[in-house]
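J.: model the following, please.
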Amino acid sequence: MIGRLHSDREFRWPIGASLVRHALQRSVYAASLMAATVLFSFLLFQLVPTDPARIALGANASDAQVTALRQQLGLDRPLVEQFVTYVTSVLSGDLGRSFIDGRLVSQEVGTKFLLSAALTTLASSFAALYLLAQVTFSRNGRTPSIFSALNNAFTALPTMFIAILALRWVFADYPFSYYPGTLWALEGWGFMLPPAIVLAFYPMGILGKIAEREFDRLAKQPYVLAARARGIDERGILWRYLFPNSLITMLSSYTTLLPLLLTGSFIIEIMFSVPGLGALLLKAVLNRDLPMLQGIVIVATAFTVLIHLLIELAYPAIDPRIAEHRLV
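T.: Numbers count the residues shown, from 1 in each chain. Model (predicted):
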């Protein structure tokens, strides 16, 4: 009897164990994404329609030179051996050398990536501040009309169009119009402000519209109606019930937007002359610099996966049921 009752009881992980299990699951998932990215970057090198050695040496290189470079790059070895060598190099931080000038890909991509990451982070900060302002001015779960109009405008207008208008009319006489060579100076952050503001418009609109719908849905929930019946003021309902319960949705939406935000920053970088991954990617594509392309793909994906992992690990801190009941 006792044994049957015990066997029928649903097993529940302790809170600490469920958190660890949630973290392990998310970490394994992130590692699998990175493994798939490394495989894709390797196939990118293998499936090009022309010989990578011929691309590196140019059309005027002799067959002997091409053969010698193929041996140097290990392209004459079996495919499995090439893949193992490539994975080992990536894990050690060696992404190869550029076909164009022989620069270390890891060093070049790492330097440019810092600018792109700073631009993306700054744009995300502006989007968060805008969202916080929208939440602050909400009443009874309803978004003010001005924010609804701005959200529609930000999502409707193409980012490139906004960038052109900003360059032509807003930042035409901007004092920090050139990159001083470092972010650790007032001029460096001043230079990054215009592209970051332009880049933030689309996430502002998307997250603002999602917050608008989420607040409208939550305002009709029984626990919110009960809180309002108990006499809790609207500020208390906003910050105790609506905002905390919308955080998971907002963070999930941000993780969906992050790849778009990062790739969008490449275009904005080119338009605002930011020497980040965008200019490096364009140069690599035009020159068919395959090692540089591989490095950009790996580093950009690693950044996105890392931010996604950190946000997912933060979910249980917002709602412990996510780890306890394995809702994610």
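J.: pull the helix or strand with minimum mean pLDDT from the protein.
T.: helix 2-8 (a mean of 40; mean pLDDT, DSSP states H and E).
J.: next SSE after that one?
T.: Going down the chain from helix 2-8, the next helix or strand is helix 15-46, by DSSP states H and E.
J.: how far does that next one sit from the chain's center?
T.: Offset of helix 15-46 from its chain centre (C-alpha atoms, centre = their mean, to the nearest Å): 15 Å.
J.: hang on, residue 302 packs against residue 34?
T.: Yes: using C-beta atoms under 8 Å as the test, residue 302 is close enough to residue 34 to be in contact (6.3 Å). Quick note: C-beta positions are derived from backbone N, CA and C, even for glycine.
J.: list residues touching both of the two?
T.: Shared contacts of residue 302 and residue 34 (C-beta atoms under 8 Å, 6 or more residues apart in numbering): none.
J.: how about the helix or strand hosting residue 150: buried residues?
T.: With secondary structure defined by DSSP H and E, residue 150 is part of helix 145-156. For helix 145-156, the buried set under the neighbour-count rule, 16 or more other C-beta atoms under 10 Å, comprises 147, 150, 151, 154.
J.: any idea how far the second one lies from residue 208?
T.: Computed as C-beta to C-beta, to the nearest Å, the residue 150 to residue 208 distance reads 7 Å.
J.: near residue 285, how many other residues are there?
T.: 12 (other C-beta atoms under 10 Å).
J.: got it, and residue 247?
T.: Per other C-beta under 10 Å, the neighbour tally for residue 247 reads 15.
J.: so residue 294 versus residue 64, what's the distance?
T.: 26 Å.
J.: comparing those two, which residue is more hemmed in?
T.: The neighbour count for residue 294 versus residue 64, taken as other C-beta under 10 Å, is higher for residue 294 (24 against 8).
J.: just the C-alpha atoms of stretch 231-240, please, in CSV.
T.: Once non-C-alpha atoms are left out, stretch 231-240 reads as follows in CSV (Å, rounded to 0.1, in the frame of the first residue of the first chain):
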residue,chain,number,x,y,z
GLY,A,231,-8.0,49.0,-3.5
ILE,A,232,-4.5,48.7,-4.7
ASP,A,233,-3.6,51.8,-6.6
GLU,A,234,-2.7,51.7,-10.3
ARG,A,235,1.0,52.3,-9.7
GLY,A,236,1.1,49.3,-7.4
ILE,A,237,-0.8,47.1,-10.0
LEU,A,238,1.6,48.2,-12.7
TRP,A,239,4.8,47.4,-10.9
ARG,A,240,3.6,44.5,-8.8
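J.: the chain should start at 174 in everything you say after this.
T.: Renumbered: residue one is now 174, and that last one reads stretch 404-413.
J.: this completes my enquiry, with thanks.
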